[in-house]
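[1] Mind folding the following:
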Amino acid sequence: MQSGDSLADRLREAAVAQGLDGIGIAPAVTPVGYHRLLRWLDQKYHGEMSWMERRRETAEHPDSMLRGTRSVIVAAVNYYSSSPDSSIGRYSRYVHGVEDYHSVLKRRLKPLADLIREEFPHERTRIVVDSAPLLERDFAQLSGLGWIGKNTMLISRQLGSWFFLGAILTTAELPADTEHMQSFCGTCTRCLDACPTDAFPEAGVLDARRCISYLNIELREQMIPADLREGMGEWLFGCDVCQEVCPWNRFAPDTQISEFQPGETGGLLDARQLLRLTESEFARHFRGTPMQRSGVEVLRRNAAIVLGNLRDRSAEGDLLQALSDPFRQVRMASAWALCQLGEPHCLNAVQLAAEGEADREVAADMRRSLADASS
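    I've put the predicted structure just below:
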């Protein structure tokens, strides 16, 4: 059996072999950010993400996810791609690849977990990738991988912030990295100033209810509030604005992970293609990607809003047809988009749709869109 120090060295070698861009080892403790999380939840900044409220107590210590956890190994994996976006509308860079990052990270972390079990056969491990209430960024900062910026993203001096985090919990006690990364944001507030929807009430605090990534990914059962639709701009899925303006991302390297590189075929559908997407086409095109869990209604709703923001008159026919769509959010979004186009025949079509709409909420939203268009 190897010593903890020797095993830590072997873990770093294995991380390089797996294409990971860095790992850090932290002790299993209550994260510094835990009490900030509680205040954040109490302020209802999590919006409709009720699972976060349900898991508030389990986030206090890794022991709640693996009893007896003594060490947390955190891995950073660069996903940045400088490839072009779709022709109409934008996607967050983390979905430009060909495979869901959850499965990619788990697969590449498994050899490291196997190594721990090989050296400590009586100890237990658990791989965690964005699916358990682990405050990964806190443990990453504690292990020296980076610091939590004013936009709440973890930032590395080498990678910027374009990277995923994955973790291995283990009951084995490993030597912790002692370099607690200090912040290098200084007086910069570019990320806060650039947010199109003013989602940062203060530095280091995100009001998810106003965040574009929340609105076009997590907000699924409710329509996007009317006062935030214009701020969504061209974003079909996710948003990278607060990362794109960060000076630490100016020299971000492209990912070397093949699964995170754009595929040769298929590509990213543009907003018009998304709006016309059928459920069977959605299942075929997005199977195995991070967009699969959003569902076809959410993506088509987002597409209509983007087309409205772009004032894309070539999409007029598709938007008019979508006024009678089976999905209620698509009907509301298409009516809003047509009102953004502002053509008299478009407004008349929305008026007729509102008068014949059986769903009171949908009809009321259509009438609000008409009122805003005429004000």
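[2] hey, let's count contacts and neighbours off CA atoms from now on
    OK.
[3] Any idea how far apart the tips of stretch 236-249 sit?
    22 Å (Cα to Cα, to the nearest Å).
[4] And for stretch 209-227?
    Start-to-end, stretch 209-227 (Cα to Cα) is 12 Å.
[5] With stretch 35-49 instead?
    Stretch 35-49 end-to-end distance (Cα to Cα) = 18 Å.
[6] what distance separates it from the centre of its chain?
    Put simply, stretch 35-49 sits 17 Å off its chain's centre (Cα atoms, centre = their mean, to the nearest Å).
[7] and what of stretch 149-158?
    In this view, stretch 149-158 has its centroid 15 Å away from the chain centroid, taken as Cα atoms, centre = their mean.
[8] Okay, now the unreliable bits of the protein?
    Residue ranges of the chain with pLDDT under 70: 1-4, 86, 264-266.
[9] quick one: the strands in it?
    With DSSP state E as the criterion, the chain has strands at 22-27, 71-78, 90-91, 125-128, 147-148, 154-155, 163-170, 235-237.
[10] Dump those into a markdown table; add mean neighbour count as well.
    Shown next, in a markdown table, are these (neighbours: other Cα atoms under 10 Å):
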| stretch | mean neighbour count |
| --- | --- |
| strand 22-27 | 23 |
| strand 71-78 | 26 |
| strand 90-91 | 20 |
| strand 125-128 | 20 |
| strand 147-148 | 23 |
| strand 154-155 | 26 |
| strand 163-170 | 24 |
| strand 235-237 | 27 |
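[11] Now tabulate the ones you listed in CSV and tack on distance to Leu134.
    Below are the strands of the chain laid out as CSV (distance: least, Cα to Cα, whole Å):
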stretch, distance to Leu134
strand 22-27, 13
strand 71-78, 10
strand 90-91, 26
strand 125-128, 8
strand 147-148, 15
strand 154-155, 14
strand 163-170, 9
strand 235-237, 24
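[12] so which of the ones you listed gets nearest Thr255?
    strand 71-78 (5.4 Å; Cα to Cα).
[13] between the closest one and strand 163-170, how many degrees?
    Here the directions of strand 71-78 and strand 163-170 differ by 160 degrees (axes from the mean of the first three to the mean of the last three Cα atoms, to 10 degrees).
[14] just how off-centre is strand 71-78 within its chain?
    Distance, stretch centre to chain centre, for strand 71-78: 18 Å (Cα atoms, centre = their mean).
[15] Which secondary structure elements does it sit against?
    Packing partners of strand 71-78 (3 or more Cα pairs under 8 Å, 6 or more residues apart in numbering; DSSP states H and E): strand 22-27, helix 136-142, strand 163-170.
[16] How about residues contacting the last one?
    In this structure, residues lying in contact with strand 163-170 by Cα atoms under 8 Å, 6 or more residues apart in numbering are 62, 66, 68-80, 101, 105-106, 109, 113, 123-130, 136-137.
[17] need the contact list for Trp147.
    Trp147 neighbours (Cα under 8 Å, 6+ apart): 140-141, 154-156, 181-184.
[18] give me the beta-bridge partners of it?
    On the basis of DSSP bridges, Trp147 is bridged to Ile155.
[19] and the gap between it and Arg360?
    With Cα to Cα as the criterion, Trp147 and Arg360 are 47 Å apart.
[20] again with Glu118
    61 Å.
[21] Between these two, which is the more surrounded one?
    More neighbours surround Glu118 than the other of Glu118 and Arg360, with 13 against 10 (other Cα atoms under 10 Å).
[22] so how far is Leu174 from that one?
    Counting by Cα to Cα - Glu118 and Leu174 are separated by 14 Å.
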